[in-house]
Structures are given as C-alpha cells and as structure tokens.
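Q: Okay, sequence plus prediction incoming.
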Amino acid sequence: MNGDQLLDALELGEDFEIEFKSARGGVPCSLWESYGAFANTEGGVIVLGVRQRGSNRLEIQGLEDADKIRQDFGI
C-alpha cells in the first residue's frame, strides 16, 4: 500500500479488507483478533499507527517505536 492508497483508505474507513489500529504504545492486543479473522478469510490489511477520532474520522498517529513493533512480529 503506497501513501496515496493509504490516504484513500483513510477516507473510506474500515471494511472487510482493511483494519486500522492505533499501536501508539506497541502492538495492541486487538491486532491478533483481526489477524486471525483475516487469516481465516480472504486476507486483508492491518495498518498500525492510525487512530479513530469520533465516530467516523481516522487520523494518522504514527508509532513511537517502529523497531519494537517489528521485533514483536519477529521481522
């Protein structure tokens, strides 16, 4: 997913193919539920570093320690 595709996805919001997670303090526990759901269907994309503001507004929040998150995934 490139930057333009990410911005388009933020406009459209979550659906059965894309999920956004804050991950500001590290890998959120809710990530694994989404991961399992995608693994048991046709797949999808989980984007870390995006938080929900209000009922339908998403904004890029970023990650405090991207290296730690990579490490938690084993990559």
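A: Yep, that arrived. None of these values were measured; they are calculated from a predicted model.
Q: wait, what's in contact with the most centrally placed residue in the chain?
A: Centrality entry for the chain: nearest residue to the mean C-alpha point is Val47, 2.4 Å, by CA atoms, centre = their mean. Contacts of Val47 were listed using CB atoms under 8 Å, 6 or more residues apart in numbering, and they are 1, 6, 9, 18-21. Yep, even glycine has a C-beta here, placed from its N, CA and C like the rest.
Q: 10 Å instead, please
A: 1, 6, 9-10, 14, 18-21, 23, 58, 60 (CB atoms under 10 Å, 6 or more residues apart in numbering).
Q: quick one: which of these is nearest to Phe38?
A: Proximity of those to Phe38, judged by CB to CB, is greatest for Glu19, which lies at 7.7 Å.
Q: thinking again about what came up before, can I assume the residue nearest to the centre of the chain sits in a strand?
A: Yes. The assignment for Val47 is a strand, going by DSSP: H, G, I helix; E, B strand; the rest coil.
Q: May I have the secondary structure class of Leu10?
A: In the three-state summary, Leu10 is assigned as helix, counting by three-state DSSP.
Q: What distance do you get for it to Asn40?
A: 26 Å (CB to CB, to the nearest Å).
Q: And the two? Which one has more around it.
A: Neighbour count, other CB atoms under 10 Å: between Leu10 and Asn40, Leu10 has more, with 17 against 8.
Q: quick one on the thing from earlier: got a quick PyMOL command for the buried subset of the contacts of Val47?
A: Only the buried members of the contacts of Val47 end up in this PyMOL selection, burial being decided by 16 or more other CB atoms under 10 Å:
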select buried, resi 6+9+10+14+18+19+20+21+23+58
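Q: Restricted to strands, list the contacts of Val47.
A: If you go by DSSP state E, the contacts of Val47 have 18-21, 58, 60 in strands.
Q: ok, of the contacts of Val47, which one's closest to Ile69?
A: The shortest distance between Ile69 and any of the contacts of Val47, using CB to CB, involves Ala23 and amounts to 6.4 Å.
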